[in-house]
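A.B. asks: Quick one, what's the 3D model for this:
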Amino acid sequence: MDFFIQNAHAQGANAEGGSTSFIIMMVLMFAAFYFLLIRPQQKKQKAHAELVSGLQAGDEVLTAGGILGKVSGVSDHYAIVKISDNTEIKIQKSSVSVVVPKGTYDEA
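C.D. replies: Model prediction:
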């Protein structure tokens, strides 16, 4: 009978050590998610916010929808983009995905 009681005590000790290793593994997994997923996404968002805030007339842009044009006017939340000789569209500044090099719009 004494043999069974000793086994029970040994199992209780392992359970406490297991919870500590579980917490350590959870912290390590959170750190991995942070450095592999969250931090790069925050950097992308910061770079896009800088791009949007730096838009000015004359910039050539490509929108998220694939429209290539030249910015002819900028307000707080919107930009007017010239996409052909007589056609201008008003878009949200946040829909601009990239500012392309000068001359790209003229070549297209």
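
A.B. asks: now the most centrally placed residue in the chain: how far from residue 33?
C.D. replies: With distances taken as C-alpha atoms, centre = their mean, the residue of the chain nearest its centroid is residue 41 (2.9 Å). Distance, residue 41 to residue 33, using C-beta to C-beta, to the nearest Å: 11 Å. In short, each C-beta sits where N, CA and C put it, glycine included.

A.B. asks: for residue 59, same thing?
C.D. replies: As judged by C-beta to C-beta, residue 59 and residue 33 stand 36 Å apart.

A.B. asks: neighbour count winner among those two?
C.D. replies: Set residue 59 next to residue 33 and count neighbours by other C-beta atoms under 10 Å: residue 59 wins out with 20 against 11.

A.B. asks: That one contacts residue 69, doesn't it?
C.D. replies: No. With contact defined as C-beta atoms under 8 Å, residue 59 does not count as touching residue 69 (9.7 Å).

A.B. asks: Domains in this protein, by residue range?
C.D. replies: Domain segmentation of the chain under automatic domain parsing yields 1-53, 56-107.

A.B. asks: Remind me which helix or strand residue 70 belongs to.
C.D. replies: Counting by DSSP states H and E, the element that carries residue 70 is strand 68-74.

A.B. asks: So which elements touch that strand?
C.D. replies: Secondary-structure packing of strand 68-74 (3 or more C-beta pairs under 8 Å, 6 or more residues apart in numbering; DSSP states H and E): strand 60-63, strand 78-84, helix 104-107.
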